[in-house]
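**Student:** coordinates only, sequence not included:
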């Protein structure tokens, strides 16, 4: 009669459970880092200093409500911890946050096959670039040179791929030429591109250009 080791089976299952828990933790951490504002928060905290929610929000020019949301996301995955509290203006108790001692960039860069997380991260960065640029334009409209362009087209998959490759080529060439400041007249410019599916557009404003 064949002999089956139940103890070995249990041990293997335990190992599998541990692996699954570790994988889940990695995914949760990656999800926690899937927004550029959270990356910016960690950049501020990685000096080892403690900061209040208000101080972080002021550095990033972001509302308290938004910073509160993103700090909570980082707390949930234990990338940030509540270090202590202090008395603030008008007797308000302020919380002081500190980065957890780990290489968060290394964790962020580990490849986790999750299309939704990667897509959300890419789109969040585009939104953050647009938010930053919009604020600059509102503050200095007379000095700004810019272009925004949004439209919907109907094309074949082959033509779309050809256009996509052409856009990639010219974008990469421009990036490689200007990715570093080479003279005192150089100014920082954000370039955000998204060629994505659409449900179509019947409205008259399906092609919007503003410059």
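**Tutor:** Yep, it's here. As the structure is a computational prediction, the values presented were derived from the model and not from experiment. Numbers count the residues shown, from 1 in each chain.

**Student:** which parts of this protein are helices?
**Tutor:** 6-32, 36-45, 53-60, 64-76, 104-109, 115-139, 157-178 (DSSP state H).

**Student:** for the last one, which outside residues touch it?
**Tutor:** In other words, helix 157-178. Outside helix 157-178, the residues within contact range by CB atoms under 8 Å, 6 or more residues apart in numbering are 155, 186, 191, 193, 195. For glycine as for every other residue, the C-beta is placed from the backbone atoms N, C-alpha and C.

**Student:** and residue 91, which of the helices of the chain is closest to it?
**Tutor:** Distance to residue 91, taken as CB to CB, is lowest for helix 53-60 among these, at 15.0 Å.

**Student:** about what we covered before: as JSON lines, the helices of the chain with mean pLDDT, mean neighbour count and distance to residue 200 would be great.
**Tutor:** As requested, these are exported to JSON lines (pLDDT from 0 to 100; neighbours: other CB atoms under 10 Å; distance: least, CB to CB, whole Å):
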{"stretch": "helix 6-32", "mean pLDDT": "59", "mean neighbour count": "12", "distance to residue 200": "31"}
{"stretch": "helix 36-45", "mean pLDDT": "86", "mean neighbour count": "20", "distance to residue 200": "30"}
{"stretch": "helix 53-60", "mean pLDDT": "89", "mean neighbour count": "17", "distance to residue 200": "37"}
{"stretch": "helix 64-76", "mean pLDDT": "89", "mean neighbour count": "16", "distance to residue 200": "32"}
{"stretch": "helix 104-109", "mean pLDDT": "62", "mean neighbour count": "15", "distance to residue 200": "36"}
{"stretch": "helix 115-139", "mean pLDDT": "82", "mean neighbour count": "14", "distance to residue 200": "20"}
{"stretch": "helix 157-178", "mean pLDDT": "83", "mean neighbour count": "11", "distance to residue 200": "14"}
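
**Student:** coming back round to it: can I get the contacts of helix 157-178 in TSV including pLDDT and distance to residue 133?
**Tutor:** TSV is the format used below for the contacts of helix 157-178 (pLDDT from 0 to 100; distance: CB to CB, whole Å):
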residue	pLDDT	distance to residue 133
155	86	28
186	82	17
191	84	10
193	83	14
195	81	19
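
**Student:** how about these, which pair is most distant?
**Tutor:** Longest span within those, CB to CB: 155 and 186, 35.7 Å.

**Student:** domains in the chain, by residue range?
**Tutor:** The chain breaks down into these domains under the TED database: 15-109, 140-210.

**Student:** distance to residue 120 for these - can I get that in TSV?
**Tutor:** TSV is the format used below for the domains of the chain (distance: least, CB to CB, whole Å):
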stretch	distance to residue 120
domain 15-109	5
domain 140-210	13
